[in-house]
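**Student:** Sequence isn't available, so here's the structure alone:
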């Protein structure tokens, strides 16, 4: 599927992404700036959602590991276990 389903948050985005873009006069680069800000916000939301999902699915990966556990893990990796 092409396109975005995210909410547009201000009038500039509505004007730049809907049919109004053909009726309004845009300065060079203005729509590009609006689209870049929108995509940056969407990527940030997706990144935060993905990180939250990973932490919920595998919390043991994100545990703080002490120095003893790290050295034990390294030696286990070296043995091929």
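**Tutor:** Right, received. Where do you want to start? Computed from a prediction, not measured in an experiment: that's the story for all the values here.

**Student:** who's in contact with residue 13?
**Tutor:** The neighbours of residue 13, taking C-beta atoms under 8 Å, 6 or more residues apart in numbering as the test, are 34, 38. Bear in mind the C-beta positions are built from the backbone N, C-alpha and C, glycine included.

**Student:** Quick check: pLDDT value at it.
**Tutor:** Note for residue 13: predicted pLDDT of 92.

**Student:** what's the spacing between it and residue 23?
**Tutor:** 16 Å (C-beta to C-beta, to the nearest Å).

**Student:** Also residue 52?
**Tutor:** Taking C-beta to C-beta, one finds residue 52 at 40 Å from residue 23.

**Student:** What of residue 53?
**Tutor:** Residue 53 is 40 Å from residue 23, by C-beta to C-beta.

**Student:** Can you list the buried residues in the lengthiest helix in the chain?
**Tutor:** Longest helix in the chain by number of residues (criterion: DSSP state H): helix 30-57. Under the neighbour-count criterion of 16 or more other C-beta atoms under 10 Å, helix 30-57 has 31, 34, 38 buried.

**Student:** With respect to residue 8, which of those residues is nearest?
**Tutor:** Set against residue 8, the nearest of the buried residues of helix 30-57 by C-beta to C-beta is residue 38 (7.3 Å).

**Student:** before we move on, which element is the closest residue to that closest one other than its chain neighbours in?
**Tutor:** The shortest distance from residue 38 to any non-neighbouring residue, by C-beta to C-beta, 6 or more residues apart in numbering, is to residue 13 (5.7 Å). Under the criterion of DSSP states H and E, residue 13 resides in helix 11-17.

**Student:** Buried residues, that helix. List them.
**Tutor:** 13, 15-17.

**Student:** Let me know the closest of the residues you listed to residue 48.
**Tutor:** residue 13 (19.8 Å).

**Student:** Next, work out how far apart that closest one and residue 24 are.
**Tutor:** 13 Å.

**Student:** next one: residue 36
**Tutor:** 18 Å.

**Student:** Give me the secondary structure label for residue 26.
**Tutor:** At residue 26 the chain is in coil, as set by DSSP: H, G, I helix; E, B strand; the rest coil.
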